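Participant: here are the coordinates; sequence isn't available:
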Ligand code: EPS
């Protein structure tokens, strides 16, 4: 089963991802991984740390001459700002920031110094998750599955995206030209204005990100066990990103405001698109976000996540000194005003990883050749049963 864990502290020497379960024979394009790491560092509102770091992946195991061996792949992204062992440069933190892991972690680990918690809780760790997710995207690409993550809105600015495989190149270009990874220029400009205002007011901004997965074959995930439902795993993956407070699939919370007839996507059959991943079962709407019963239904998978504003506020927040119990202002450490653009890249990669995991659970094998053969056989069987060939 495809899985990954990460290790590393924000100001330690390095961030690591340990990826297990990749088949042998996958070509590892490190330039692609580096480009995605750069995307994760970008965005209006990012702090000075990003001028210090120039994230690059180093493959430490599991790859020979650019191709996976079937053994665990360990990926490293080194920290340029490494100073964890220096007590002057990384002093103890006694004034927890409301919203950060500071207080909860200090209570958990029975300490009055938040440093140990905040170093690991830091979103710097997402560099390792993007590196692992980029590997998953390389695998998905071999089977025509594409992911697209972007910023959908912040504060009162948002837009209705129209994401299709034909317009993907254009959407990616527009997203990558945006300072806040938003393919809608007008919404992007309004989000930039909100972040600019937050900067002046020494405040912070969160937002909503969305990920579309296109070309997904039906039948990934399962209805058989709750923790193997793909929607359940996607929700956990996106909620597991630092500072995320909500996850939605398709229409999401909008389902509560509509009757069933306005929520469920009517099913039709179109022989012309029988060769597509949907096998010809078309839906004029995709309120289900491509998932019914925890399984992909052939429509694009659509996942949305909401990030709270960064909890390190330059203006501080009311807090308590853990040593003296005095009322104080929370600690300010150099920070981002908004990391919403970065979060959209992270969300895209954690979603890609879960889709790749479900893909390999259904179509997997020891080598890419085996996976290709299983995939081709699965598609052929599905067409024989459901496609026009079956009529
Ligand atoms: C973070 C605090 C900041 C962020 C960091 C996450 O780091 P520093 O205190 O070194 O300025 O920039 O994110 C990254 C370094 C990154 O690469 O994403 C935090 O407290 O979570």
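Facilitator: Nice, I can see it. Given the structure is predicted, the values throughout are model-derived calculations rather than measurements.

Participant: Would you mind naming what in the stretch 151-300 of the chain lies close to the ligand?
Facilitator: Nowhere does the stretch 151-300 of the chain come near the ligand, counting by C-beta under 6 Å from any ligand atom. C-beta coordinates here come from the backbone N, C-alpha and C atoms, glycine included.

Participant: For the stretch 151-300 of the chain, give the residue positioned nearest to the ligand.
Facilitator: Across the stretch 151-300 of the chain, no residue is closer to the ligand than residue 242, which sits at 6.0 Å (C-beta to the nearest ligand atom).

Participant: Quick one: classify that residue as helix, strand or coil.
Facilitator: Counting by DSSP: H, G, I helix; E, B strand; the rest coil, the backbone at residue 242 sits in coil.

Participant: before we move on, could you check phi and psi at it?
Facilitator: Per-residue torsions, residue 242: phi -50, psi 130 (degrees, to the nearest 10).

Participant: Next up, the contacts around the closest residue to it other than its chain neighbours.
Facilitator: Nearest non-adjacent residue to residue 242, counting by C-beta to C-beta, 6 or more residues apart in numbering: residue 123, 4.1 Å away. Residue 123 sits next to 241-243, 339, 342, 346 when contact means C-beta atoms under 8 Å, 6 or more residues apart in numbering.

Participant: Would you map the helices across the stretch 151-300 of the chain?
Facilitator: For the stretch 151-300 of the chain, applying DSSP state H, counting those that start in this stretch gives helices covering 168-177, 185-200, 230-239, 260-263.

Participant: So for the shortest one, mean pLDDT?
Facilitator: This predicted structure assigns helix 260-263 an average pLDDT of 98.

Participant: Go ahead and name everything in contact with it.
Facilitator: Residues contacting helix 260-263 (C-beta under 8 Å, 6+ apart): 251, 255, 287.

Participant: do that again at 10 Å, thanks
Facilitator: Contacts to helix 260-263, defined as C-beta atoms under 10 Å, 6 or more residues apart in numbering, come from residues 250-251, 254-257, 285, 287-288.

Participant: could I get these as CSV with neighbour count and distance to residue 156?
Facilitator: Below are the contacts of helix 260-263 laid out as CSV (neighbours: other C-beta atoms under 10 Å; distance: C-beta to C-beta, whole Å):
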residue, neighbour count, distance to residue 156
250, 23, 23
251, 21, 21
254, 12, 18
255, 16, 23
256, 8, 21
257, 9, 19
285, 13, 26
287, 18, 24
288, 22, 28
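
Participant: mind listing what the residue lying closest to residue 44 once chain neighbours are set aside touches?
Facilitator: Among residues not flanking residue 44 along the chain, residue 179 sits closest, at 3.9 Å (C-beta to C-beta, 6+ apart). By C-beta under 10 Å, 6+ apart, the contact list for residue 179 reads 42-45, 188-189, 191-192, 195, 341.

Participant: farthest pair in these?
Facilitator: 42 and 189 (16.8 Å; C-beta to C-beta).

Participant: OK, contacts around the nearest residue in space to residue 219 that is not next to it in sequence?
Facilitator: Counting by C-beta to C-beta, 6+ apart, residue 219 lies nearest to residue 295, which is 5.9 Å off, once chain neighbours are set aside. Counting by C-beta under 10 Å, 6+ apart, residue 295 touches 218-224, 228-231, 358, 362.

Participant: For ChimeraX, write a command that selects the buried ones of those.
Facilitator: Burial among these is assessed by 16 or more other C-beta atoms under 10 Å; the matching ChimeraX selection reads:
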select :218,220,221,222,228,229,230,231,358,362
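
Participant: Mind putting the contacts of residue 295 into JSON lines with pLDDT and distance to residue 35?
Facilitator: JSON lines is the format used below for the contacts of residue 295 (pLDDT from 0 to 100; distance: C-beta to C-beta, whole Å):
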{"residue": "218", "pLDDT": "96", "distance to residue 35": "30"}
{"residue": "219", "pLDDT": "97", "distance to residue 35": "31"}
{"residue": "220", "pLDDT": "98", "distance to residue 35": "26"}
{"residue": "221", "pLDDT": "98", "distance to residue 35": "29"}
{"residue": "222", "pLDDT": "98", "distance to residue 35": "33"}
{"residue": "223", "pLDDT": "98", "distance to residue 35": "37"}
{"residue": "224", "pLDDT": "98", "distance to residue 35": "38"}
{"residue": "228", "pLDDT": "97", "distance to residue 35": "32"}
{"residue": "229", "pLDDT": "98", "distance to residue 35": "32"}
{"residue": "230", "pLDDT": "98", "distance to residue 35": "27"}
{"residue": "231", "pLDDT": "98", "distance to residue 35": "29"}
{"residue": "358", "pLDDT": "98", "distance to residue 35": "25"}
{"residue": "362", "pLDDT": "97", "distance to residue 35": "29"}
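
Participant: Beyond the helix or strand where residue 4 lies, next helix or strand please.
Facilitator: Applying DSSP states H and E as the criterion places residue 4 in strand 3-7. Going down the chain from strand 3-7, the next helix or strand is strand 14-20, by DSSP H and E.

Participant: Strand partners (parallel or antiparallel) of that following strand?
Facilitator: strand 3-7 (antiparallel), strand 73-78 (antiparallel) (DSSP bridges).

Participant: Tell me which of these approaches the ligand most closely.
Facilitator: strand 73-78 (8.9 Å).

Participant: Neighbours of residue 316, how many?
Facilitator: Residues contacting residue 316 under the criterion other C-beta atoms under 10 Å number 16.

Participant: now residue 370
Facilitator: 15.

Participant: Model confidence at the residue nearest to it when sequence neighbours are not counted, what's the number?
Facilitator: Once flanking residues are discounted, residue 370 sits nearest to residue 23: 6.9 Å by C-beta to C-beta, 6+ apart. Note on residue 23: pLDDT of 98.

Participant: ok, now residue 271?
Facilitator: For residue 271, the model assigns a pLDDT of 83.

Participant: Same check on residue 389?
Facilitator: Confidence score, pLDDT, at residue 389: 53.

Participant: What of residue 107?
Facilitator: pLDDT, residue 107: 98.
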